[in-house]
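1. Build the 3D model from these lines:
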Amino acid sequence: MADIRPFFCIRPSREKAERIAALPYDVYNREEAKAAVAKNADSFLKIDRAETQFPDNVDTYDARVYQRAHDTLWDMVADGSFVREDKQCYYLYELTMDGRTQTGIVACASIDDYQRRMIKKHENTRADKEADRIRHVDTCNAQTGPIFLAYRSNAAINEAVEETLKQEALYDFVSEDGVRHRVFAIREDARIEKIQRAFAGMDAIYIADGHHRAASAVKVGLKRREEHPGYTGEEAFNYFLSVLFPDDQLMIMDYNRVVKDLNGCTKAAFLEKMKELFDVEAVAKEARRPQEKGVFSMYLDGQWYRCRVRPEDVPDDPVGSLDVSILQERLLRPELGIADPKTDKRIDFVGGIRGLDELERRVQTDCAVAFAMYPTDIRELFAVADAGLLMPPKSTWFEPKLRSGLFIHALDD
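-> All right, here's what the predicted structure looks like:
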């Protein structure tokens, strides 16, 4: 029984929404974030990455940075850039990219559901990345970036969504990357109850993207519980900001690999080794994109190859059968010596949004070989999470990215 609740939202004024909305904090390095804020003084990055308001000699994790994030947020609430809802609501967040649309329910999920693994993860998190967001959420006294959750499509929720989409949108704008963003409020008590009841009937919800934000939000909630030993469970800090999407609307893109050297092997010898491990054939550039699970493409010495995994080499388990796992365990680890792709500096990962031309460019500049993967399926993600297992690093790339700053959940409401 999942506890997915409406909440008192803090959100941008209609006039400011388009300028405030920003890509997630972790898609930028410091220099890029600083340039984005210099270009747009209203960008939410000045809160999510408040080091952009300091000289470069001030450390990203300096206490003054987190305090500036707090002060900037609440100053913008005070000056009307953000408005507070006076009713606990759900919201719809509709994103349209390249002609396809996905619509999520903006809500708050329970830290208890996360703790008891009803909200299921498929990645591990790093303590250093958690520490940053823990300090950000705790100091700001608010969750500013939603966690991207997924659920199995539900008829009652679909019906409520269709009803709400007939209303006037709170926001409707196209961001610089061509993605259209529309937001609708769900204020009707009957519709709120319908959605809440539908989620309560689910036995699993899945983290699609935002594992570090989720873990950090939960740890702040647990910290607040320690600070308030008489807590009831109804306080805002017991819940974390989320956008929940039905599985049949989600798009996972390929997450590709480039390797900087062939581990002492010549190109000719490496190609022969590939032919021992997989069914390999040269293909034209036009046929370079993999078209099915169990097939990946390789770019080596100016030539694309289609590489097919042999059926007898596919393990019978949710993680081992992933294409990214097979590539890692049959090739990258034993032949290229990449034991830990999370830490090995000889491998890099290229999100599918950047296209396959980027793989060619990397091989022509700083890498020896590239591998274009067929995207992981959402059903594979669910299967791994249901089994209580973890995916290899960089298995999924979700597009479009949720914007930060459109929805804020204060921890004392």
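2. contacting residues for T343?
-> Counting by C-beta atoms under 8 Å, 6 or more residues apart in numbering, T343 makes contact with nothing. Bear in mind the C-beta positions are built from the backbone N, C-alpha and C, glycine included.
3. Roughly how far does it sit from T125?
-> Note on T343: its distance to T125, by C-beta to C-beta, to the nearest Å, is 15 Å.
4. same deal with D48?
-> Noted for D48: a distance of 18 Å to T125, by C-beta to C-beta.
5. In terms of packing, which of those two has more residues around it?
-> Between D48 and T125, counted using other C-beta atoms under 10 Å, the more crowded position is D48 (25 against 15).
6. May I have the phi/psi pair for the more buried one?
-> Here is the backbone geometry of D48 (degrees, to the nearest 10): phi -70, psi -30.
7. got the contact list for the nearest residue to it once chain neighbours are set aside?
-> Sequence neighbours aside, Y25 is the residue nearest to D48 in space, at 3.9 Å (criterion: C-beta to C-beta, 6 or more residues apart in numbering). For Y25, the contact set (C-beta under 8 Å, 6+ apart) comprises A33, L45, D48, R49, G145, S404.
8. For the third one, give its distance to R64.
-> This means D48. Distance from D48 to R64, by C-beta to C-beta: 16 Å.
9. go on, the first one?
-> Computed with C-beta to C-beta, the distance linking A33 and R64 is 17 Å.
10. what about these two, which has more around it?
-> A33 (23 against 13).
11. And the one helix or strand that one maps to, what's buried?
-> Element membership for A33, per DSSP states H and E: helix 30-39. Using 16 or more other C-beta atoms under 10 Å as the test for burial, helix 30-39 gives A33, K34, A36, V37.
12. Just the pLDDT at G201, thanks.
-> For G201, the pLDDT comes out at 97.
13. That one contacts M1, doesn't it?
-> Yes - G201 lies in contact with M1 (C-beta atoms under 8 Å); the separation is 7.3 Å.
14. mind listing what the closest residue to K120 other than its chain neighbours touches?
-> Leaving aside its sequence neighbours, K120 sits nearest to A385 (C-beta to C-beta, 6+ apart; 3.9 Å). Contact analysis of A385 by C-beta under 8 Å, 6+ apart lists K120, K121, H122, A204, Y206, I207.
15. State the distance from A385 to V243.
-> From A385 to V243 the distance is 18 Å (C-beta to C-beta).
16. three-state assignment of D348?
-> strand (DSSP: H, G, I helix; E, B strand; the rest coil).
17. Which residue, other than its chain neighbours, is closest to it?
-> V258 (5.0 Å).
18. State the distance from the one you found to K394.
-> Distance from V258 to K394, counting by C-beta to C-beta: 11 Å.
19. anything in contact with each of the two?
-> F349.
20. Which residue ranges of the chain form helices?
-> Assigned by DSSP state H, the chain shows helices spanning 17-20, 30-39, 45-48, 63-78, 111-115, 127-140, 155-164, 189-200, 211-227, 267-277, 323-327, 357-365, 378-386.
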